[in-house]
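Sequence below, structure please.
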Amino acid sequence: MPRKPKSIALESLLAAFSQVPDPRVARTRAHPLVNVLTMSFFGAISGAEGWDDLEIFAEERAEFFGTFLELPEGATPCADTFRRVFEALDPAAFQLAFRAWLKPLLDDLEGQTIAMDGKALRGALAHTRRAGGAFHLMHVWAAERHLLLGQQAIAGAPGEVQAVIELLQLLDLHGATVTADANSCTAAVTAAVRDAGADYVLALKGNRSALHQHVEQLFAEAEANGYPGVKQFESFDAAHGRTEHRIVRAMALGALPTRMKAAWTDLRSAVMIHRIRATDHISIERAYYVSSHRPNAKHLAGRIRGHWNIENQLHHSLDVSFGDDRRKIHSEHGAQNFALLVRHALSLLKRQQSKMSLAQKRRRAAWGPQYLLKVLACGFNEV
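Numbering: from 1, shown residues only. Coordinates of the predicted model:
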């Protein structure tokens, strides 16, 4: 008879997973769904990268799992069981379970940077030769808290805008700032962000030609006159043989020209970043952004820098430490559900305060269940 878990985090995780609808017919349920999901999540934290790995991990940790799960005759699921469950599992229901579990960490996102960006899973569904190329997911990432707030499968870059809008409708982002790249710089996204109670800082490029040209012209005119009334903030970085000097300028945006018919919502400021990078040569570039925030250059510079957290802390780590592009899963639901496991595993490992690398943390979690439970509890108040 398994004991009641002593960890609040573990107990609440089991409760959340117990609410996920089981997609299997009753006669095929040799292992409770909560067992399959819990073992899979612990396996993802500990380095499992596919169905065969999950079978081995569950078998090796059967005694540990038996202390808080009902194991039918002491058995653990095989690789085919893990695969079939994840291929049949509703991704939206699985995501809701994680959101319910993480609710104590997500109740107040005021002041946080919420970065939204897409990522390809190049190994997933590769055998199907999808017309749109690689399988893509849109991510919502709470940058300062290292937390995944949501993900959604998309058909490459063309599907990003609709995915951003749908994800924003699911989240309470009151007081947060949403950041996104130029693909998501649309009037519809600005309306969705404001409806979610958040502000926005959106990259602006030539794909929004009318607005881009207007903002570019405003800064060109300001530069010709010595930037009167334009707020400015400067910063310097030096690392790995490279230095970067950034000059961030922000100005208020008045009424847009009548030729611009898109209904932008609360478009209050424009930002220009002048980047000067020096390595063995010097490169200079200018980048533009629009925002619902007032033109505070230092504040906007921080939000723009914060957006790159999703690239550096999520996407880069997924590729380098989790082999995201190498994982070959042949089912869209399977790929999406396993990706969700991996992203929440990464999030917890990032939140666990330690000087160890991600790879070392995963090995330690695999070697000892006590550290695994410690990782699981990150951010929860234990008693």
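
What is the neighbour count of L137?
21 (other Cβ atoms under 10 Å). From N, CA and C alone the C-beta is placed, and that goes for glycine too.

any idea which helix or strand carries it?
Assigned by DSSP states H and E, L137 falls within strand 135-142.

now that strand: how far from the chain's centre is it?
In terms of Cα atoms, centre = their mean, to the nearest Å, the centre of strand 135-142 is found 5 Å from the chain centre.

Same check on stretch 305-314?
That offset, for stretch 305-314, works out to 9 Å (Cα atoms, centre = their mean).

same question, stretch 245-265
Distance of stretch 245-265 from the chain centroid (Cα atoms, centre = their mean) equals 28 Å.

ditto for stretch 27-35
Per Cα atoms, centre = their mean, the centroid offset for stretch 27-35 relative to its chain is 30 Å.

what pLDDT, on average, does it get?
Here stretch 27-35 scores 93 as its mean pLDDT.

what's in contact with it?
14, 17-18, 20, 22, 24, 65, 69-72, 75-77, 81, 85 (Cβ atoms under 8 Å, 6 or more residues apart in numbering).

same thing but at 7 Å, please
Identification of contacts with stretch 27-35 by Cβ atoms under 7 Å, 6 or more residues apart in numbering yields L14, F17, S18, V20, D22, L69, E70, P72, P77, T81, V85.

Just the C-alpha atoms of that stretch, please, in PDB.
The C-alpha coordinates for stretch 27-35 follow below in PDB (Å, rounded to 0.1, in the frame of the first residue of the first chain):
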ATOM      1  CA  ARG A  27      -9.900  -2.900 -21.000                       C
ATOM      2  CA  THR A  28      -6.500  -1.600 -22.100                       C
ATOM      3  CA  ARG A  29      -5.700   0.300 -18.900                       C
ATOM      4  CA  ALA A  30      -3.100  -2.100 -17.400                       C
ATOM      5  CA  HIS A  31      -1.400   0.900 -15.700                       C
ATOM      6  CA  PRO A  32      -3.200   3.900 -14.200                       C
ATOM      7  CA  LEU A  33      -2.800   7.100 -16.300                       C
ATOM      8  CA  VAL A  34      -1.500   9.000 -13.300                       C
ATOM      9  CA  ASN A  35       1.400   6.400 -13.100                       C
END
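
Thought T76 was touching A62, still the case?
Yes. Counting by Cβ atoms under 7 Å, A62 does reach T76; the two are 5.2 Å apart.

Comparing the two, which residue is more hemmed in?
A side-by-side neighbour count of A62 and T76, using other Cβ under 10 Å, places T76 first with 24 against 15.

tell me the phi and psi of that one?
Note on T76: backbone dihedrals following degrees, to the nearest 10 are phi -120, psi 160.

sec struct for K119, please.
Using DSSP: H, G, I helix; E, B strand; the rest coil, the three-state assignment for K119 comes out as strand.

I figured H307 hits A115, correct?
Yes. Contact status for H307 versus A115: in contact at 4.8 Å, counting by Cβ under 7 Å.

got any residues that touch both of those two?
T179.

of the contacts of stretch 27-35, buried ones?
L14, F17, V20, L69, P77, T81, V85 (16 or more other Cβ atoms under 10 Å).

Next step: those restricted to helices.
L14, F17, T81, V85 (DSSP state H).

can you put those residues in CSV and add distance to R242 and pLDDT?
Listed next are those as CSV, based on distance: Cβ to Cβ, whole Å; pLDDT from 0 to 100:
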residue, distance to R242, pLDDT
L14, 47, 96
F17, 45, 97
T81, 49, 96
V85, 47, 97
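
which of these lies closest to H174?
Lowest distance from H174 to these (Cβ to Cβ) belongs to F17, with 28.0 Å.

so what's that closest one up against?
Applying Cβ under 7 Å, 6+ apart, the residues contacting F17 are V34, L37, T38, A97.

and the two most separated of those?
Greatest spacing in the contacts of F17, by Cβ to Cβ: T38 and A97 (11.0 Å).

what secondary structure does A250 sit in?
strand.

Just grab the bridge partners of it for me.
K231, V271 (DSSP bridges).

so where's the stretch 151-300 of the chain shaky on pLDDT?
Low-confidence segments of the stretch 151-300 of the chain (pLDDT under 70): 156-157.

Show me where it has its strands.
Assignment of strands within the stretch 151-300 of the chain using DSSP state E, counting those that start in this stretch yields the ranges 177-180, 199-204, 231-239, 242-252, 269-278, 282-291.

Please spell out which residues along the fifth one are buried.
Translated: strand 269-278. Residues S269, A270, V271, M272, I273, H274 are the ones in strand 269-278 that count as buried (16+ other Cβ under 10 Å).

same question, stretch 160-176
Residues of stretch 160-176 classed as buried: E160, V161, A163, V164, I165, L167, L168, L170, L171, L173, A176 (neighbour count, 16+ other Cβ under 10 Å).

so who does the nearest residue to the fifth one once chain neighbours are set aside touch?
It refers to I165. Residue nearest to I165 in three dimensions, not counting chain neighbours: A192, with 4.5 Å by Cβ to Cβ, 6 or more residues apart in numbering. Each residue near A192 by Cβ under 7 Å, 6+ apart is listed here: I165, L168, Q169.

give me that answer again for 8 Å
When contacts are counted by Cβ under 8 Å, 6+ apart, A192 touches V164, I165, L168, Q169.

Could I get the residues you listed in JSON lines, plus columns for distance to N337?
Output for the contacts of A192, formatted as JSON lines (distance: Cβ to Cβ, whole Å):
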{"residue": "V164", "distance to N337": "21"}
{"residue": "I165", "distance to N337": "23"}
{"residue": "L168", "distance to N337": "22"}
{"residue": "Q169", "distance to N337": "22"}
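
I154: how many residues sit nearby?
Neighbours of I154 using other Cβ under 10 Å come to 21.

before we move on, the earlier item: and the strands of the stretch 151-300 of the chain, which is most packed in?
strand 177-180 (a mean of 28; mean count of other Cβ atoms under 10 Å).
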